[in-house]
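> Just a sequence and a predicted model for now, questions to come.
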Amino acid sequence: MDFKGKDFLKLLDFTGEEILALIDLAADLKAKKKAGVAHRYCEGKNVALIFEKTSTRTRCAFEVAARDLGMGATYLDPSGSQIGKKESIADTARVLSSMFDGIEYRGFGQSIVEELAEYASVPVWNGLTDEFHPTQILADMLTIREQFGYLKGIRFVYMGDARFNMGNSLMVGCAKLGLHFTACCPEAYFPDKALVDTCLEIAKQSGATLTFEASPEKAVRDADVIYTDIWVSMGEPVSIWEKRIEELSPYQVNTALMNMTGKDSTVFMHCLPAYHDLCTQVGKEMGEKFGRDSMEVTNEVFESPASIVFKEAENRMHTIKAVMAATLGGVK
Ligand code: CP
Ligand code: NVA
């Protein structure tokens, strides 16, 4: 498969086979890294990393992966660039294309990264938008495959706000790769109907199923993976916390929920960062304000043997490396 010159904006743009090829490449690059085998496939190239929202994993994954591939990386932080304020996306795309071989963008609307890609003459990679977080899903799928040995037929349950980047992207990823996807949340938090319809069409080809369920007990029965994300995403107002806690607390991942699957092999996943205790500024502030010691997942589950969140975080680097190496033509 030849990915050279392609953008990586959302999983909907790729076939299931292409997504699997990127996951295979990531597994190969991970094995090389662990074995100390050099893989400087993009020697001498340079990438620009635009972050209009903050990041730990994605930024570090792009920077380390770029270095491992022999590339230089320039980080443009949420306040330090002209983008959108003094310079349009179209102009930024053309300026950066003249200096860099690839551009990562993390920000708000998906339309922004799509516009950047339209005007850029080098590959553009989506490092998270409000609608999609495609590099995260590559890491999640690699992690699930490492855990279970396969992807097709895995029973995957997403708990919480299924309308935002993580719920949307996980639904697309499961549909493309043949996993059984369940979104478990109040009806108002189900994903957008048009995206659901698109995924239902994709699922017909892959053998995936999509289920939308408000009852946690019904949703998690037989689950192999229980996944959640924060209840208030980057860019959303602080004032929304109270409503989210009220509406999503029945969907918290706790030990009682993990036990409802009826399987000892069920794993817990989270894209991170997570509010599982009061050891963060926001977690503490909101926890104290609303009388809670955790939000979307309890510390007990987060720290339990079922939790594979740190393996998942590590895989961000290997999968992002695969995306850059493939689209920059470093490997086929
Ligand atoms: N999961 C993830 O994207 O983490 P960061 O926000 O730290 O990049
Ligand atoms: N939904 C979260 C994902 C963080 C990786 C956010 O957008 O803040």
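Good, I have the coordinates. Residues are numbered from 1 along each chain as shown. Ligands and ions are numbered 1, 2, ... in the order given.
> Residue numbers of the stretch 1-150 of the chain in contact with ligand 2?
128, 133 (Cβ under 6 Å from any ligand atom). Every residue, glycine included, has its C-beta placed from N, CA and C.
> Tell me how far stretch 107-117 lies from the chain's centre.
16 Å (Cα atoms, centre = their mean, to the nearest Å).
> Buried residues, it. List them.
107-108, 110, 112-117 (16 or more other Cβ atoms under 10 Å).
> Which ones among the residues you listed lie within helices?
With helices taken from DSSP state H, the overlap with the buried residues of stretch 107-117 comprises 110, 112-117.
> if we can go back for a sec, wait, which of the buried residues of stretch 107-117 is closest to ligand 1?
Minimum distance to ligand 1 across the buried residues of stretch 107-117 is 12.2 Å, recorded for residue 107 (Cβ to the nearest ligand atom).
> List the contacts of that closest one.
Applying Cβ atoms under 8 Å, 6 or more residues apart in numbering to residue 107 gives the contacts 50-53, 113, 128-129.
> Next: residue 161.
Neighbour list for residue 161: 167, 185, 189, 229, 231, 233, 244, 248 [criterion: Cβ under 8 Å, 6+ apart].
> near ligand 1, which of those show up?
Among the contacts of residue 161, not one lies near ligand 1 by Cβ under 6 Å from any ligand atom.
> For the spatially closest residue to residue 202 that is not a sequence neighbour, give me the backbone phi and psi.
Using Cβ to Cβ, 6 or more residues apart in numbering and skipping the chain neighbours, the partner closest in space to residue 202 is residue 175 (4.3 Å). Torsion angles at residue 175 (phi, psi; degrees, to the nearest 10) stand at phi -60, psi -40.
> shouldn't residue 175 be in contact with residue 191?
No: in this structure residue 175 lies outside contact range of residue 191 using Cβ atoms under 8 Å: 11.0 Å.
> Can you pick out the residue with more neighbours from those two?
residue 175 (28 against 23; other Cβ atoms under 10 Å).
> Can you read off the pLDDT for the more buried one?
The model reports residue 175 with a pLDDT of 98.
> now swap in residue 332 and tell me
pLDDT at residue 332 comes out at 69.
> Can you point out the buried residues in the worst-scoring helix or strand of the chain on mean pLDDT?
Within the chain, no helix or strand scores below helix 281-290, which has a mean of 94 by mean pLDDT, DSSP states H and E. By neighbour count with 16+ other Cβ under 10 Å, helix 281-290 contains the buried residues 283, 286-287.
> And stretch 154-174, by the same measure?
Quick answer for stretch 154-174 (16+ other Cβ under 10 Å): 154-174.
> Report whether that stretch contacts ligand 2.
Yes: counting by Cβ under 6 Å from any ligand atom, ligand 2 has neighbours in stretch 154-174: 164-166.
> Output stretch 26-36 in CSV, but only the C-alpha positions, please.
Taking Å, rounded to 0.1, in the frame of the first residue of the first chain, the C-alpha atoms of stretch 26-36 are listed here in CSV:
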residue,chain,number,x,y,z
ALA,A,26,3.4,0.6,13.9
ALA,A,27,3.9,-2.9,15.4
ASP,A,28,7.0,-3.4,13.2
LEU,A,29,8.4,0.0,14.2
LYS,A,30,7.7,-0.8,17.9
ALA,A,31,9.6,-4.1,17.6
LYS,A,32,12.5,-2.2,15.9
LYS,A,33,12.5,0.4,18.7
LYS,A,34,12.5,-2.2,21.4
ALA,A,35,15.3,-4.2,19.7
GLY,A,36,17.4,-1.0,19.3
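> how far does it sit from the chain's center?
21 Å.
> now do stretch 22-39
The answer for stretch 22-39 is 20 Å, by Cα atoms, centre = their mean.
> quick one on the thing from earlier: tabulate the ones in helices among the buried residues of stretch 107-117 (CSV), appending pLDDT.
As requested, those are exported to CSV (pLDDT from 0 to 100):
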residue, pLDDT
110, 98
112, 95
113, 97
114, 98
115, 97
116, 97
117, 98
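> Show me which residues of the stretch 201-332 of the chain are close to ligand 2?
Going by Cβ under 6 Å from any ligand atom, the residues of the stretch 201-332 of the chain near ligand 2 are 229-230, 233-234, 271.
> how about a cut-off of 5 Å?
229, 233-234, 271 (Cβ under 5 Å from any ligand atom).
> From those residues, which land in helices?
Using DSSP H, no member of these sits in helices.
> out of these, which one sits closest to residue 256?
For these, the closest approach to residue 256 (Cβ to Cβ) belongs to residue 229, at 19.8 Å.
> Would you confirm that that closest one contacts residue 168?
No: using Cβ under 8 Å as the test, residue 229 is too far from residue 168 to be in contact (10.9 Å).
> number of nearby residues for the residue lying closest to residue 91 once chain neighbours are set aside?
With sequence-adjacent residues excluded and distances taken as Cβ to Cβ, 6+ apart, residue 91 is closest to residue 119, at 8.0 Å. Using other Cβ under 10 Å, residue 119 has 17 neighbouring residues.
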